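Student: Only the shape, not the letters, is given here:
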């Protein structure tokens, strides 16, 4: 009785907070937990039948791990896995370093108006759709009308078929990803930097630390936990590639697949050509499970060295 | 060559004084924080800068530290004008209000940080840190990080971080304000003792200590500077400030409970000067009267009469001497003494009485009090200047 009374009292006391949580909770259940039921598709030989999706799901036969075999038996399995992991590793490392550098630089700007202007300029690309970015890049890299080939021509050099040169695309995609996302991540780090008590910097200044040393000994240690959380979240998505970046930006050029094809684009194309929902669900499940395992592993490693910095 | 601000073994510490001349600070929004102040602090002196919030005492400290840019005027430390020097080159150390200990470093690393940046030999760093830790009795805390220490322990580490640098000037920015009352008292004593020890050990660094707590100021400082609205009201020894306040502000700010200050009128009756306050008329002592006469206010100008709570006592039988009679509104008994609040013709007074003399006094009683008028002060009505100030 008393427990119920306490529970009711707590509920009344925290009504406002619970109402604030409610939209997020509904979103989580509707879009993240309910679709988990679809995991069964990865283990079924799904075929559309009369009666709609649920009827089809019910009537489809179980096929064990066949869908996973199909994914890994592909000749491209190694390439897409390698590409996905390597790109993500590069993005995590370069993205973190650049975002931190931008955040520190912005925080040091004395002119707050200019700082806000730079921040807005750096943040802007994040809001562009990958389709727009893809065609923007085409404006630079188009064989006959592109600005880059135009400039090469000015120097008397032969134009390059950029969309036939897989070797350069890891650099192009890495650059584009940095250009689009660094500003967004920088804003997160900048917000954290703004929260650091100025007295630490003043103490460091009196202790004889220059700007660089203040960054090393004051800023970075204060951002350490945030960096870990951001990296940990990124590691969890290491098997998932940004579909828009790898599909729209290279304009789905077949010649570039060796260096631009990742799990997501491969699965998408497979779905388009074969309509095999089972295989694509298997691929999605594979990405999630590996991501989950990686997060747990990285968190465990962090916990071993710095218990308080671990996420859970 | 020794790095600036940090001395290698065997090097002499410069006898450093701090001289502030016509110092002004105007912020970009046009707000003038400091109005051309002058202040001189001798080497080895413990100077407390005290004043209410917003009086620019911390601004003064930050200007000395080099954390803010001087608008005009000069700051000299030792024989060097330091206006354009970086904080690290001013040979100063600062203890901040929230200690500003680097949270990811242990107490040892915090204390060694400045020395490490100055590239001092490791053995020298270790010796200095351990020496300071011994002085502050924090040897057992050296491996702990700030989060694992209490407020008082953090405070001592912050002081240790300042000591190891062997600066010419220590700057303290309200360092005890985050501590509880009991710890504040013990840390106060410890800091004063530390100052003495450093002086005895040949480190005659000046200490500039900013606080808003006048008890801290009275108990710690060799001299006190009282500030108000970016101006220095008075600089003197604690007892001189208490006994000879230069103006009404200092009189009201220094001392707890505060001085009783009420509007008054002055009359000349022959050679005598009579002060009329709260419906009473008291003749000033001849010496007091002479000084008041020398600065006689314009006709009709009201003055202020101030009397410390210690200069009011319960009247003896017969009601001799100048007296006040009023209804008691509150009696605060603190043990050895009692503060008795009473009202006379609408003016509130407080008297500090010996605990035993407060006896059975209760709110609502009518009390007879005697006033030591010769210990009172007359302040001009316009500027609040003490016109009865005895010559030093």
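Tutor: All right, it came through fine. Every value quoted in this text rests on a predicted model; they were computed, and no experiment measured them. Residues are numbered from 1 along each chain as shown, chains lettered A, B, ... in the order given.
Student: Averaged over its residues, which helix or strand of the chain has the lowest pLDDT?
Tutor: Chain wasn't specified; assuming chain A. One helix or strand of chain A scores below all others by mean pLDDT, DSSP states H and E: helix A:2-13, with a mean of 73.
Student: other chain: chain B
Tutor: Result, chain B / mean pLDDT, DSSP H and E: helix B:355-358, a mean of 77.
Student: three-state assignment of the nearest residue to residue B:34 once chain neighbours are set aside?
Tutor: Spatially, and ignoring its direct neighbours in sequence, residue B:34 is nearest to residue B:25 (4.2 Å; Cβ to Cβ, 6 or more residues apart in numbering or on different chains). For glycine as for every other residue, the C-beta is placed from the backbone atoms N, C-alpha and C. What DSSP: H, G, I helix; E, B strand; the rest coil gives for residue B:25 is strand.
Student: so what pLDDT did residue B:25 get?
Tutor: Note on residue B:25: pLDDT of 96.
Student: for residue A:54, same thing?
Tutor: 84.
Student: so how far is the helix or strand harbouring it from its chain's centroid?
Tutor: Here residue A:54 sits within helix A:52-59, counting by DSSP states H and E. Centre-to-centre, helix A:52-59 and its host chain are 33 Å apart (Cα atoms, centre = their mean, to the nearest Å).
Student: Can you give me the buried ones in it?
Tutor: For helix A:52-59, the neighbour count (16 or more other Cβ atoms under 10 Å in any protein chain shown) marks A:56, A:57 as buried.
Student: Then stretch B:140-160?
Tutor: B:141-142, B:144-146, B:149, B:151-160.
Student: Could you do stretch B:263-278 as well?
Tutor: Buried residues in stretch B:263-278 (16+ other Cβ under 10 Å): B:264, B:265, B:266, B:273, B:275, B:277, B:278.
Student: Contacts for the helix or strand encompassing residue A:235, please.
Tutor: For residue A:235, the element it lies in under DSSP H and E is helix A:220-236. With contacts defined as Cβ atoms under 8 Å, 6 or more residues apart in numbering or on different chains, helix A:220-236 is touched by A:88, A:91-92, A:95-96, A:100, A:185, A:188-189, A:192-193, A:196, A:200, A:291-292, A:294-295, A:298-299, A:302, A:308-311, B:102-104.
Student: I'd like the average pLDDT over the helix or strand following that helix.
Tutor: Once the chain leaves helix A:220-236, the next helix or strand it forms, by DSSP H and E, is helix A:243-248. The average pLDDT within helix A:243-248 is 94.
Student: Next: stretch B:41-50.
Tutor: Per-residue scores along stretch B:41-50 average to 93.
Student: With stretch B:239-252 instead?
Tutor: Averaging pLDDT along stretch B:239-252 yields 94.
Student: Number of residues surrounding the residue lying closest to residue B:261 once chain neighbours are set aside?
Tutor: With Cβ to Cβ, 6+ apart as the criterion, residue B:261 has its nearest non-adjacent residue at 4.2 Å, and that residue is residue B:306. When neighbours are counted by other Cβ atoms under 10 Å in any protein chain shown, residue B:306 registers 26.
Student: so which helix or strand takes in residue B:306?
Tutor: strand B:303-307.
Student: pLDDT of that strand, averaged?
Tutor: Mean pLDDT, strand B:303-307: 95.
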